[in-house]
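# Just a sequence and a predicted model for now, questions to come.
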Amino acid sequence: MKRRLKNVLIGLTLPAILLMAGCGNQASSGTSGTSAAPASGIQERTIKAGIGLNEDHPEGQGLKKFAEIVAQKSGGKLKVQPYFAAQLGDDKKMTEALQAGTQEITIPSTSPLVGMIKEFGIFDFPFVFNNEKEADAVLDGPLGQKLLEKLPEHNLIGLGYWENGFRNLTNSKHPVAKPEDFQGLKIRTMQNQVHLEAFQALGANPTPMAFSEVFTALESKTVDGQENPLATIKSSKFNEVQEYLSVTKHVYTPFVFLVSKKFWDKLSPEEQTILKEAAAEAGAFQREANRAENQKALDDLKAAGMKVNEVTPEEMANMQEIIKPVTDKFAKEFGEDLVKQMYDQVKQARQ
Ligand code: KDG
């Protein structure tokens with residue numbers, strides 16, 4: 001411990017040393033630290049970062065890239081320890097751990113966070129975006145930023161959006177090509193009211209559930225199907241327990257890069273800059289990797305024996321029409337101005 005403290009002190013400026021002098025040696029870990037931010041310098045810290053998806057998923061690759069960039073920018077002092085496949089818990093549990101200050105980073109879907117910030121629910125509206133570029137324009141623009149600014153009052157810091165992507169339906173019963181095909185299907189959804197009511201409107205029987213429980217629920221036939229981007233369907237091997245894949249692209253959902261505010265407030269401005277830049281650089285890498293993998297995954301899933309059907313634009317429009325009363329209702333709840341802003345930015349991105 002003594003030698004570690006000496007190494008830490010060597011890398012610090014005088015004000016940081018003076019600041020630490022009043023705080024003992026707690027600043028060596030991400031989970032136990034000083035209550036005031038050091039004025040400058042980079043300390044040795046271990047940063048626990050957990051996600052729900054597997055290491056080989058583009059989100060896992062993005063997290064590893066983030067760890068590499070942080071190590072390189074901090075001269076190895078900031079060590080990101082990645083945890084995959086919900087080893088630290090599901091999206092909700094990890095977000096709560098960030099709020100409590102017992103975990104430093106997680107990158108959940110925005111969808112299960114609506115209990116905390118209801119406005120994130122606008123990203124759960126089906127059929128808003130035609131492609132990823134439109135989603136980037138909204139998420140990286142003023143609207144995405146406005147929602148990130150709601151996080152600190154919940155003890156969280158948002159460093160931007162990564163990509164989960166367009167979601168598609170899999171099930172063990174039959175191909176889904178038109179609204180009637182949803183009738184009676186038991187579908188796992190994320191823990192999110194817009195998803196739940198949209199599937200109900202289509203005649204399905206949705207069951208909200210944490211991602212970590214989905215494979216077992218499909219295998220045991222507790223549910224007939226689930227919906228997720230192709231990269232996730234492949235990485236989580238849902239093809240082993242699902243026969244049909246319907247390319248519904250019914251909703252684009254983002255990931256949000258979250259940092260514990262309790263941890264963030266202990267960091268020096270240099271350390272905060274390193275995390276911010278690394279989240280953005282690794283995010284650009286993650287989006288690219290995700291897009292490449294989503295292209296490839298369709299062929300891989302076909303090759304693995306899944307029966308794949310496309311959904312025509314006409315049938316997608318029919319689905320959208322059926323869901324419209326649900327989105328109208330939630331637009332009122334989340335703020336019609338906010339929803340209008342989202343559609344205006346999509347329109348602008350289309351021009
Ligand atoms: O790491 C993110 C996952 O935990 C989760 O958000 C994946 O889209 C997802 C889902 O269906 O729960």
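Perfect, thanks for sending it. Numbering: from 1, shown residues only.
# Residues contacting stretch 57-72, please?
47, 49, 51, 53-55, 78-82, 84, 107, 162-164, 231-232, 235-236, 255, 274-275, 277-279, 281-283, 285-286, 289-290, 293 (Cβ atoms under 8 Å, 6 or more residues apart in numbering). (C-beta placed from N, C-alpha, C; glycine too.)
# filter those residues to the buried ones?
47, 49, 51, 53-54, 78, 80, 82, 84, 107, 162-164, 231-232, 235-236, 255, 274-275, 278-279, 281-283, 285-286, 289-290, 293 (16 or more other Cβ atoms under 10 Å).
# Can you flag which of these belong to helices?
Among these, the members found in helices (DSSP state H) are 231-232, 235, 274-275, 278-279, 281-283, 285-286, 289-290, 293.
# Nearest to the ligand within the stretch 1-150 of the chain, name that residue for me.
Gly52 (1.9 Å; Cβ to the nearest ligand atom).
# Near the ligand, which residues of the stretch 51-200 of the chain? Just list them.
Within reach of the ligand by Cβ under 6 Å from any ligand atom, the stretch 51-200 of the chain has these residues: 51-53, 59, 91, 108-109, 164, 190.
# nearest to Leu156, of those residues?
Pro108 (10.5 Å; Cβ to Cβ).
# was I right about the closest one contacting Gly89?
No - counting by Cβ atoms under 8 Å, Pro108 does not reach Gly89; the two are 10.5 Å apart.
# Looking at the two, which is more packed in?
Pro108 (25 against 18; other Cβ atoms under 10 Å).
# so who does the more buried one touch?
51-52, 91-92, 94-95, 255-256, 258.
# From those, pick the one nearest Met319.
Checking these against Met319 by Cβ to Cβ gives Phe255 as the nearest, at 24.4 Å.
# How much space separates that closest one from Ile51?
Per Cβ to Cβ, to the nearest Å, Phe255 is found 8 Å from Ile51.
# Next: Lys302.
Using Cβ to Cβ, Lys302 is found at 27 Å from Ile51.
# Could you report the pLDDT at Pro38?
As predicted, Pro38 sits at a pLDDT of 77.
# err, Arg4, not the other one
pLDDT, Arg4: 39.
# Now do the contacts for the residue nearest the centre of the chain.
Per Cα atoms, centre = their mean, the C-alpha nearest to the average position across the chain is that of Phe255, at 2.2 Å. Going by Cβ under 8 Å, 6+ apart, Phe255 touches 59, 107-110, 161-164.
# In CSV, list those along with pLDDT and distance to Thr327.
Shown next, in CSV, are the contacts of Phe255 (pLDDT from 0 to 100; distance: Cβ to Cβ, whole Å):
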residue, pLDDT, distance to Thr327
Glu59, 98, 27
Ile107, 99, 26
Pro108, 98, 22
Ser109, 98, 18
Thr110, 98, 16
Tyr161, 98, 21
Trp162, 98, 24
Glu163, 98, 22
Asn164, 98, 19
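# Out of the residues you listed, name the ones that lie in strands.
Taking DSSP state E as the definition of strands, those contribute 161-164.
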